[in-house]
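K.L.:
Quick one: sequence and predicted model below, then my questions.
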Amino acid sequence: MVFIWTLSFRNSNIFDYMNFRNAFYRTTHWEAWDWRIKYIPLIPLWFWYCLKSRSLWFFTPSNPGLVFGGFDGVSKKKMYELLPPGSYPKGVCISHLASQDEVEKIFASHHFQYPVVVKPDEGRMGLMFRKVHKMEDLLLYHATMPSDYLLQEFIPYPIEVSVFYYRHPDDLSGTITGFLRKEYMIVTGDGQSTLNALIDACPHARLHLKELKSKHVNELDEVLEVGKEFYLSHALNLSRGGKLVNLELQKDKALLQVFDNLSHCTQQLYYGRYDIKCVSIEDLKRGENFTILEYNGSGGEPHHVYGNGNTLLRACIILAQHWNMLFVISKRNHEKGVAYWNFLKGLKFFIAANKHIRMLKKLDARWPVNEAA
């Protein structure tokens, strides 16, 4: 256990956490470990698929429409272009080289209304995702971002869900393996406690204390009035504090039909996770009143391994089942003419994509913004 504890903190620095209780929680809950630790038991399986396909990048044909199969470094703008018109938020990709005057003109010409959402065109884990309430903050975000980003309408639908779906290229219907609802990390004022104290007292925030206090540094001394809710993050990614609620019992033929239709729409997306906002689960099943926030391809993690009481062993079995299907889908698409990426091309792309993510992590950690709802 001491060995696992040491490895899980090697890249995150235990001293960043408030106290021993938080460190102990991370040690005894495998879900909180660094992803590299959780995947160690599956490394032989991954390399077995590489050997069988004779390609280190065996997954690249899985989603032919996405660069690198959607594993990493995907442009969200190009991802949206594969989805049916009107199924994703209205938005525009803004060059980080644009002038502030150009940003203001873009905002006006597209008739955006506050609040709006901004996020990197290439990013993951909710890094540098922000909800913006005024032009001043939008221009500050623009001046800060060293890469292109998306400016989107904010979708006010009350429910956000995660749906993991795959379909063999030769089959008419696919499979939904995971269906979950995401919940925001929120603290509620009592009229006496500061935001700083509320964050310390929030069990769900214990793994994100440094990040949250850096992000809300300008509001930490604020005393929230009784009943006032404060959104600690508007990113519902699991890695940013989002809570997952299992909706396994809600899976049915109607829900599957919605995602079969999406998959057949472009014949380009066969394996991945949809992050969706909707008015209700019933509306989603009817194919109404929902918006696709993102589609995560071959690199998308099946979130239903978390929050359902799974042991690490059970989680590894679920991941192994998904990787097998990823291999099968990729192999079939390769047989139909979709090439595997060669070693050097894939290596250069992978290194560049991860360098970009490291940059976003550093930027996100030191860039505070008021995200109060």
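P.N.:
Thanks, I have the structure now.
K.L.:
confidence score at P368?
P.N.:
On the pLDDT scale, P368 is placed at 65.
K.L.:
same thing with Q192?
P.N.:
79.
K.L.:
same deal with S8?
P.N.:
pLDDT at S8 comes out at 42.
K.L.:
And the strands in the stretch 1-150 of the chain, which stretches?
P.N.:
91-94, 116-120, 130-132, 149-153 (DSSP state E, counting those that start in this stretch).
K.L.:
May I see these arranged in a markdown table, with distance to D252 and mean neighbour count as well?
P.N.:
(Glycine included, C-beta is placed from N, CA and C.) Shown next, in a markdown table, are the strands of the stretch 1-150 of the chain (distance: least, C-beta to C-beta, whole Å; neighbours: other C-beta atoms under 10 Å):
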| stretch | distance to D252 | mean neighbour count |
| --- | --- | --- |
| strand 91-94 | 31 | 18 |
| strand 116-120 | 31 | 22 |
| strand 130-132 | 33 | 23 |
| strand 149-153 | 30 | 21 |
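K.L.:
mind putting the ones you listed in TSV, distance to V328 and mean pLDDT included?
P.N.:
Listed next are the strands of the stretch 1-150 of the chain as TSV, based on distance: least, C-beta to C-beta, whole Å; pLDDT from 0 to 100:
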stretch	distance to V328	mean pLDDT
strand 91-94	34	98
strand 116-120	32	97
strand 130-132	39	93
strand 149-153	33	98
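K.L.:
can you tell which of the ones you listed is closest to A320?
P.N.:
strand 116-120 (31.0 Å; C-beta to C-beta).
K.L.:
Give me the contact list for that closest one.
P.N.:
By C-beta atoms under 8 Å, 6 or more residues apart in numbering, the list of residues contacting strand 116-120 from outside reads 76, 89, 107, 126-132, 138, 141, 145, 147-154, 234, 360.
K.L.:
Pull out the buried residues from the strand or helix carrying F349.
P.N.:
Per DSSP states H and E, F349 falls inside helix 343-366. Residues of helix 343-366 classed as buried by neighbour count (16 or more other C-beta atoms under 10 Å): 346, 349-350, 353, 356-357, 359-360, 363-364.
K.L.:
got it, and stretch 37-44?
P.N.:
37-39.
K.L.:
thinking again about what came up before, turn the strands of the stretch 1-150 of the chain into a markdown table, including distance to P61.
P.N.:
Formatted as a markdown table, these follow (distance: least, C-beta to C-beta, whole Å):
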| stretch | distance to P61 |
| --- | --- |
| strand 91-94 | 26 |
| strand 116-120 | 26 |
| strand 130-132 | 34 |
| strand 149-153 | 27 |
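K.L.:
So for V187, which of the ones you listed sits nearest?
P.N.:
From these, taking C-beta to C-beta, the stretch that ends up closest is strand 130-132, at 16.5 Å.
K.L.:
Pull the number of nearby residues for the residue nearest to P158 when sequence neighbours are not counted.
P.N.:
If the residues on either side of it in the chain are set aside, P158 comes closest to V279, at 7.0 Å by C-beta to C-beta, 6 or more residues apart in numbering. Per other C-beta atoms under 10 Å, the neighbour tally for V279 reads 15.
K.L.:
Need the pLDDT of V279.
P.N.:
98.
K.L.:
Confirm for me that it is in contact with N289.
P.N.:
Yes: in this structure, V279 is within contact of N289 by C-beta atoms under 8 Å, at 4.0 Å.
K.L.:
Now do the shared contacts for the two.
P.N.:
Y157.
K.L.:
picking that back up, where is pLDDT lowest across the buried residues of helix 343-366?
P.N.:
For these, the least confident entry is D364, with 89.
K.L.:
From R124, how far off is it?
P.N.:
Noted for D364: a distance of 11 Å to R124, by C-beta to C-beta, to the nearest Å.
K.L.:
Likewise for F343?
P.N.:
23 Å.
K.L.:
that older thread, out of the buried residues of helix 343-366, which is nearest to L220?
P.N.:
Out of the buried residues of helix 343-366, the member with the shortest distance to L220 (by C-beta to C-beta) is D364, at 17.7 Å.
K.L.:
Got the confidence number for the residue lying closest to G346 once chain neighbours are set aside?
P.N.:
Closest residue to G346 apart from its sequence neighbours, by C-beta to C-beta, 6+ apart: W57 at 4.0 Å. You'll see W57 listed with a pLDDT of 97.
K.L.:
what do you get for A201?
P.N.:
73.
K.L.:
got the contact list for the residue lying closest to it once chain neighbours are set aside?
P.N.:
Spatially, and ignoring its direct neighbours in sequence, A201 is nearest to S193 (7.4 Å; C-beta to C-beta, 6+ apart). S193 is in contact with 201, 223-224, counting by C-beta under 8 Å, 6+ apart.
K.L.:
From L220, how far off is S193?
P.N.:
Taken as C-beta to C-beta, the span from S193 to L220 is 11 Å.
K.L.:
and if you look at G178?
P.N.:
G178 is 36 Å from L220, by C-beta to C-beta.
K.L.:
With P89 instead?
P.N.:
In terms of C-beta to C-beta, P89 sits 31 Å off from L220.
K.L.:
What is the burial count for the nearest residue to T266 once chain neighbours are set aside?
P.N.:
Counting by C-beta to C-beta, 6+ apart, T266 lies nearest to L82, which is 4.9 Å off, once chain neighbours are set aside. Counted with other C-beta under 10 Å, the neighbours of L82 add up to 20.
K.L.:
what's L82 sitting at in phi/psi?
P.N.:
phi -90, psi -10 (degrees, to the nearest 10).
K.L.:
Report pLDDT for L51.
P.N.:
For L51, pLDDT reads 97.
K.L.:
oh, I was asking about I329
P.N.:
pLDDT, read off for I329, is 98.
K.L.:
Thought S62 was touching it, still the case?
P.N.:
Yes: using C-beta under 8 Å, I329 is in contact with S62, at 5.2 Å.
K.L.:
quick revisit: do you know how far the residue nearest to P158 is from F290?
P.N.:
In this view, V279 and F290 are 7 Å apart by C-beta to C-beta.
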